[in-house]
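# Take a look and give me a structure for this.
(one chain, ligands or ions: 2)
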Amino acid sequence: MTASLFGPDEFAAVAVGRPVRGEFTYSIPAELKPKLAPGLRVKVPFGRSTILGFYLGPAPAPSDAVRKKLKPITATLEAEPALTPDVVELCRFAAQHYRYPLGEVLRATLPPGLTKAQEEKQSRAEVVHFAIAEDGADPSTLTRAPAQQAALSYLLAVGGRANVDEVAHAIPGAREHLRALVKKGLVRIDTQALVHGVVEGMGSARPAKLTDEQASVGAELEVLLDAGGFAPVLLQGVTGSGKTEVYLRIVERALSAGHGALILVPEIALTPQLVGRFRSRFGPSVAVLHSALTDTERLRAWQRLRRGDVKVVVGVRSAIWAPVADLRVIVVDEEHDPSFKQDEKLRYQARDLAVMRARQAKCLVVLGSATPSLETLENARKGRYRHLKLTRRVDDRPMPALHLVDLRLERPKTVETRDTEPPLLSEPLKQAMRETLEKGQQIILFLNRRGHATFLTCEVCGQNLKCSECDVCLTYYRASGRVQCNYCGRAHPLPKGCPECDGPLLQLGVGTERIEAEVAEAFPQARLGRLDRDAVTTNERLTDLLSSFARRELDVLVGTQMVAKGHDFPGVTLVAVVLADTALSLPDFRAAERPFHLLTQVAGRAGRGADAGRVIVQAYNPDALPIAAMLKNDFEGFSDAELARRRSLQWPPTSRMASIRFESDNAELCARTAQQLAAVAARAMPPSSHGVRLLGPAPAPISRIKGKTRWQLVVKGPTHAAIAGPLDAIERALDEVSSTVKVIIDVDPGAML
Ligand code: ADP
Ligand code: ZN
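Ligands and ions are numbered 1, 2, ... in the order given. The predicted structure follows:
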């Protein structure tokens with residue numbers, strides 16, 4: 001074959017589904033040429049095998065020498081690409097920005113059913129089965145059938161109607177339980193063919209009237225939506241201001257004009273109410289994407305979207321890759337939430353990608369939060385994003401009143417026992433709890449630590465009891481009588497004494513298990529539930545607990561940040577932060593921002609119904625910035641102070657940063673590799689540094705996890721372009737690194753631990 005046989009677009013740029021960097025060039029057999037479109041899955045020869053690849057577009061003509069060695073694309077795997085063109089572009093951006101092999105990025109975005117080099121199976125006729133709770137169906141009549149009870153509770157929690165597939169992944173085995181519920185006359189199943197757009201006559205609880213603020217924010221968004229084009233917006237709305245209704249209306253408008261919408265939420269299992277609101281407004285035209293879906297379910301949701309049968313997606317961070325056709329609006333709810341950052345493999349930040357995708361799709365993107373991240377706030381202040389605000393709660397409900405209990409003043413009054421800490425329910429808190437319970441109202445107690453005692457200290461030698469595999473203190477669980485590492489899960493019975501000197505162990509640092517016990521003792525008549533990752537290990541139990549609290553079958557809910565999420569429990573009039581000081585002193589540049597967000601979010605759970613709410617914050621150090629600002633409800637003051645601090649230390653968002661982590665079983669090799677790559681990075685620093693700085697290498701703040709030694713190197717500078725040089729050099733040097741050292745490049749890291 002001679003070169004003259006090839007025309008200008010006879011070459012294909014292909015990403016291969018292997019962990020190799022870069023794009024590859026293949027030749028295109030004449031019969032495949034008309035079939036190719038960007039994103040199309042193809043089969044290509046690679047090494048000695050034939051593997052999955054993605055056609056990206058035409059490649060520039062290679063040199064004659066290379067041309068002779070080119071291999072042709074073997075086959076196409078589908079008629080239409082599984083990925084929309086804007087998602088292909090998003091993947092190219094992500095591969096470059098997060099320094100991850102493009103083929104792996106493309107593969108990571110696809111449902112597992114499409115990641116092998118096989119042809120797509122045609123799916124069955126598109127019908128959806130809906131489970132609908134009959135009027136008056138009451139889970140409390142099902143105490144003898146707890147699984148059926150959980151299924152019915154879930155159904156009621158999401159508005160009395162849900163796709164059977166969706167119930168089935170929230171609750172394992174739910175299909176069978178739903179069948180039993182149908183037999184009992186508590187549920188009926190409705191089968192519908194899928195249709196485009198909004199389903200008519202779907203029961204949707206829309207408020208009769210928007211608040212003035214909702215109406216004016218909504219009007220601005222409509223103008224942006226109708227105008228088309230890239231329009232990033234920060235919607236900053238206090239807790240309970242009705243942000244969700246604003247999202248619903250703008251999505252509805254896009255949908256009624258035949259366009260698509262994408263809504264990202266932090267965690268679906270924790271917020272069944274939110275999904276329920278989208279579901280009840282849009283019916284079967286909503287696809288719900290989250291991590292608990294089976295492969296088949298994910299594939300089917302994907303295919304429905306790709307064909308345009310479904311135009312709205314509500315999903316967790318991975319839904320950023322969903323092939324929504326004709327995308328017109330993206331919403332990121334609780335945009336500050338750390339769960340939008342993926343902390344393994346492709347370490348992307350879905351909120352940032354949402355803005356990038358909106359730029360590529362030329363559409364509206366709304367980032368909503370009561371406490372925007374400093375990144376987003378900085379973008380809004382610099383005029384890059386439009387900044388819209390909802391300053392008042394719906395129906396002019398008051399914001400909850402905030403009270404401080406200064407534990408330094410309270411503690412001496414309590415009786416000290418030698419081997420544990422004094423009680424953490426202070427007198428003022430107990431008094432408030434008593435009043436609330438007497439009125440038949442509900443209470444949330446928040447403490448961001450699990451277990452009974454969060455560390456054990458030897459009274460004689462002062463050593464903390466640590467995990468043998470991790471550089472982490474062990475947590476004591478009294479219910480099981482065991483100590484456990486919350487990083488690797490390793491657990492064993494509580495030792496009788498200090499492993500070093502046999503001295504007695506003091507139980508210090510209070511966790512949720514301990515608070516639960518204190519509440520049970522002080523208020524034996526109160527119906528009590530605990531929400532944390534120890535007490536609630538399955539989605540089924542989670543839904544059950546949240547829905548029984550919503551039905552007011554529980555009076556008090558004790559829990560970790562799981563209680564802080566966007567729950568809307570109108571019966572809650574008292575929220576207490578049991579110990580606000582936890583997590584203030586983490587060695588992380590976000591150590592002030594996270595607690596401020598969390599405290600504000602949890603306070604926002606109070607007083608969302610007809611009765612006014614109050615919040616009690618207990619702290620030893622109430623003058624710490626996040627606590628003091630939260631007590632004054634002072635988002636602006638907090639952000640100004642924190643941004644100034646970040647600027648002076650050159651931390652994001654006033655700089656750009658990447659962390660490079662080294663992990664190995666071999667401590668010495670780990671340190672040596674970190675030092676070698678740091679030297680490589682140092683040689684690649686821009687001339688006269690241009691504000692680019694290397695920090696480290698040094699042992700990571702948690703210097704060992706699961707027996708592996710961890711080192712860290714940080715590169716920061718004014719822009720991503722400025723830090724590209726050192727990062728490129730590190731990437732090139734990776735081939736030389738021993739396979740026993742894992743090197744992880746994390747661009748825009750969420751935390752530095
Ligand atoms: P946010 O997400 O801002 O915390 P939500 O969207 O959850 O607030 O709204 C708080 C509550 O107010 C919800 O129960 C919601 O149904 C209700 N709500 C929202 N908008 C209105 C309105 N215009 N009129 C009456 N109730 C509303
Ligand atoms: Zn451990």
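
# make it CA atoms for all contacts and neighbour counts henceforth
Fine.

# For Thr25, which non-adjacent residue is closest in space?
Nearest-residue entry for Thr25: Ala13, 4.9 Å, with adjacent residues in sequence omitted and distances by Cα to Cα, 6 or more residues apart in numbering.

# Show me which residues of the stretch 301-450 of the chain sit near ligand 1.
Applying Cα under 6 Å from any ligand atom, we find that the stretch 301-450 of the chain lies next to ligand 1 at Val394.

# now do the chain
Counting by Cα under 6 Å from any ligand atom, the chain sits next to ligand 1 at 207, 209-211, 237, 239-245, 394, 568.

# shaky segments in this structure?
1-9, 113, 115-128, 169, 192-205, 411-421, 583, 585 (pLDDT under 70).

# Surely Val182 is in contact with Asp190?
No: contact criterion Cα atoms under 8 Å: Val182 and Asp190 do not qualify, at 11.1 Å.

# Neighbour count for those two, which is higher?
A count of neighbours by other Cα atoms under 10 Å puts Val182 above the other of Val182 and Asp190, at 17 against 13.

# so who does Arg693 touch?
715-717 (Cα atoms under 8 Å, 6 or more residues apart in numbering).

# Now with 10 Å, please.
Arg693 sits next to 650, 657, 682, 685-686, 714-718, 723, 726 when contact means Cα atoms under 10 Å, 6 or more residues apart in numbering.

# Any idea what it is bridged to?
Lys716 (DSSP bridges).

# quick one on the thing from earlier: can you work out which residues contact both of Val182 and Asp190?
When contacts are counted by Cα under 10 Å, 6+ apart, Val182 and Asp190 have 131-132 as shared neighbours.

# number of nearby residues for the residue nearest to Thr25?
20.

# ok now the helix or strand hosting it, how far from the chain's centre?
Assessed by DSSP states H and E, Ala13 sits inside strand 11-16. Computed by Cα atoms, centre = their mean, to the nearest Å, the chain-centroid distance of strand 11-16 equals 33 Å.

# again, but for stretch 679-691
34 Å.

# In it, which residues are buried?
680-682, 684-686 (16 or more other Cα atoms under 10 Å).

# in which helix or strand would I find Leu506?
In the assignment (DSSP H and E), Leu506 maps to strand 505-510.

# Residues contacting the next helix or strand after that strand, please?
From strand 505-510 onward toward the C-terminus, using DSSP H and E, the following helix or strand is helix 512-522. Residues from elsewhere that reach helix 512-522, judged by Cα under 10 Å, 6+ apart: 423-425, 430, 433-434, 445-454, 476-479, 523-532, 534-535, 556-560, 578.

# same thing but at 7 Å, please
With contacts defined as Cα atoms under 7 Å, 6 or more residues apart in numbering, helix 512-522 is touched by 447, 449-452, 558-559.

# Quickly name whichever of those residues is closest to Arg541.
Gly559 (14.1 Å; Cα to Cα).

# so what's that closest one bridging to?
Beta bridges link Gly559 to Phe446, Leu531, judged by DSSP bridges.

# try Ile51
Val44.

# What count of nearby residues applies to it?
Neighbours around Ile51, by other Cα under 10 Å: 18.

# wait, it sits on Pro45?
Yes: counting by Cα atoms under 7 Å, Ile51 touches Pro45, with 6.3 Å between them.

# how near is whatever residue of the stretch 651-753 of the chain ends up closest to ligand 1 to ligand 2?
Using Cα to the nearest ligand atom, Gly750 is the residue of the stretch 651-753 of the chain that sits closest to ligand 1, at 23.8 Å. Distance of Gly750 to ligand 2, computed by Cα to the ion, to the nearest Å: 22 Å.

# three-state assignment of that residue?
Using DSSP: H, G, I helix; E, B strand; the rest coil, the structure places Gly750 in coil.

# okay, now it: neighbour count?
20.

# what bridges to the spatially closest residue to it that is not a sequence neighbour?
The shortest distance from Gly750 to any non-neighbouring residue, by Cα to Cα, 6+ apart, is to Lys341 (6.6 Å). Beta-bridge partners recorded for Lys341 (DSSP bridges): Gln349.

# right, and Lys341 touches Ala350 too?
Yes: counting by Cα under 7 Å, Lys341 touches Ala350, with 6.2 Å between them.

# list the buried ones in stretch 707-719?
Using 16+ other Cα under 10 Å as the burial criterion, the residues of stretch 707-719 that qualify are 707-718.

# ok now the helix or strand hosting Glu252, how far from the chain's centre?
Using DSSP H and E, Glu252 maps to helix 243-256. On the basis of Cα atoms, centre = their mean, helix 243-256 sits 22 Å off its chain's mean C-alpha point.

# Dump it to CSV, restricted to CA.
C-alpha atoms of helix 243-256 as CSV (Å, rounded to 0.1, in the frame of the first residue of the first chain):
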residue,chain,number,x,y,z
LYS,A,243,-33.7,26.4,46.5
THR,A,244,-35.1,23.1,45.4
GLU,A,245,-38.3,24.7,44.1
VAL,A,246,-36.1,27.1,42.0
TYR,A,247,-34.2,24.1,40.6
LEU,A,248,-37.5,22.3,39.8
ARG,A,249,-38.9,25.3,37.9
ILE,A,250,-35.9,25.9,35.7
VAL,A,251,-35.6,22.2,34.9
GLU,A,252,-39.3,22.1,34.1
ARG,A,253,-38.8,25.0,31.7
ALA,A,254,-35.9,23.3,29.9
LEU,A,255,-37.9,20.1,29.7
SER,A,256,-41.1,21.7,28.4
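
# That helix - contacts with which helices or strands?
Applying 3 or more Cα pairs under 7 Å, 6 or more residues apart in numbering; DSSP states H and E, one finds that helix 243-256 contacts helix 212-227.

# so the helix it packs on versus helix 243-256, what angle?
Relative orientation of helix 212-227 and helix 243-256, computed by axes from the mean of the first three to the mean of the last three Cα atoms, to 10 degrees: 30 degrees.

# tell me which residues in helix 212-227 are buried?
Buried, per 16+ other Cα under 10 Å, within helix 212-227: 213-214, 217-218, 221-222, 224-225.

# And the next helix or strand past it?
strand 231-237.

# next SSE after whichever strand or helix holds Val275?
Take DSSP H and E as the rule and Val275 turns out to sit in helix 272-282. On the C-terminal side of helix 272-282, the nearest following helix or strand under DSSP H and E is strand 286-289.

# could you dump that following strand to PDB, C-alpha only?
What follows is strand 286-289, C-alpha atoms only, in PDB (Å, rounded to 0.1, in the frame of the first residue of the first chain):
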ATOM      1  CA  VAL A 286     -36.400  11.300  35.400                       C
ATOM      2  CA  ALA A 287     -33.500   8.900  35.500                       C
ATOM      3  CA  VAL A 288     -31.900   8.400  38.900                       C
ATOM      4  CA  LEU A 289     -28.200   7.500  38.800                       C
END
